[in-house]
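sharing a model prediction with you, sequence too.
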Amino acid sequence: MKKILFFVSGGCGGSERVTVTIAKMMQQKYDVTLVVTIDNKSNISSFIPGNFKTIFLNEKKLHLTAFFKILKTILSQKPDYVFSSLPLLSSFIIISCKLFARKVNVIVRSDNNPSNWII
C-alpha cells in the first residue's frame, strides 16, 4: 500500500480542514499519516479522526528548525507522496523532497482566495 504524508499546521482554519477531509477520503486506498507541524494540539485535534496515524513536530513557528524536522520526518517515514496546502510549509516540503528525497512525489494544493491576490 502506498504511503501519503499530509502536512498541516496546528490551526483549525479552512486549509487544515480541507487537508484532513482529503486525508479521510484517501485513507481507504492509502496508508495515511497526518503530520502536525505547529504545537497547537487543542485546535487541530477536534478535526483529526481517532484512527489516524498522527505525528506532532511540536514547533512554535515554521522556521529553520521546523525545516529540519520536516526533512527528518520525510526521510524516516519514506512516503510515496507528500501533501501540503500552506505556502511556506509547501516550500519547505518541496525543497526537502527535491534535494534529499528525490523519489517522493509532492502534491501542493493552493487556495484561490481573491483577497490574497496582488493587483
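All right, it came through fine. Numbers count the residues shown, from 1 in each chain.

now Leu62, what's its secondary structure?
Three-state assignment for Leu62 (DSSP: H, G, I helix; E, B strand; the rest coil): coil.

what does it show for phi and psi?
phi -90, psi 100 (degrees, to the nearest 10).

would you mind listing the buried residues in stretch 43-57?
Ile44, Phe47, Ile48, Thr54, Ile55, Phe56, Leu57 (16 or more other CB atoms under 10 Å). Just so you know, the C-beta spots here come from the backbone N, C-alpha and C atoms, and that holds for glycine as well.

tell me the mean pLDDT over that stretch?
The predicted model assigns stretch 43-57 a mean pLDDT of 82.

ok now it, how far from the chain's centre?
Taking CA atoms, centre = their mean, to the nearest Å, the mean C-alpha location of stretch 43-57 is offset from the chain mean by 12 Å.

and for stretch 26-37?
10 Å.

end to end, how far does that stretch reach?
20 Å (CA to CA, to the nearest Å).

ends of stretch 44-51, how far apart?
15 Å.

just the residues contacting that stretch, thanks.
With CB atoms under 8 Å, 6 or more residues apart in numbering as the test, stretch 44-51 has contacts from Val8, Ser9, Gly10, Gly11, Cys12, Glu16, Arg17, Val20, Lys24, Leu34, Val36, Thr54.

what subset of the residues you listed is buried?
Val8, Ser9, Gly10, Cys12, Glu16, Val20, Lys24, Leu34, Val36, Thr54.

and the host helix or strand of the last one, what other elements does it pack with?
Yep, that's Thr54 we're talking about. Taking DSSP states H and E as the criterion, Thr54 maps to strand 53-59. With contacts taken as 3 or more CB pairs under 8 Å, 6 or more residues apart in numbering; DSSP states H and E, strand 53-59 sits against strand 31-38, helix 64-77.
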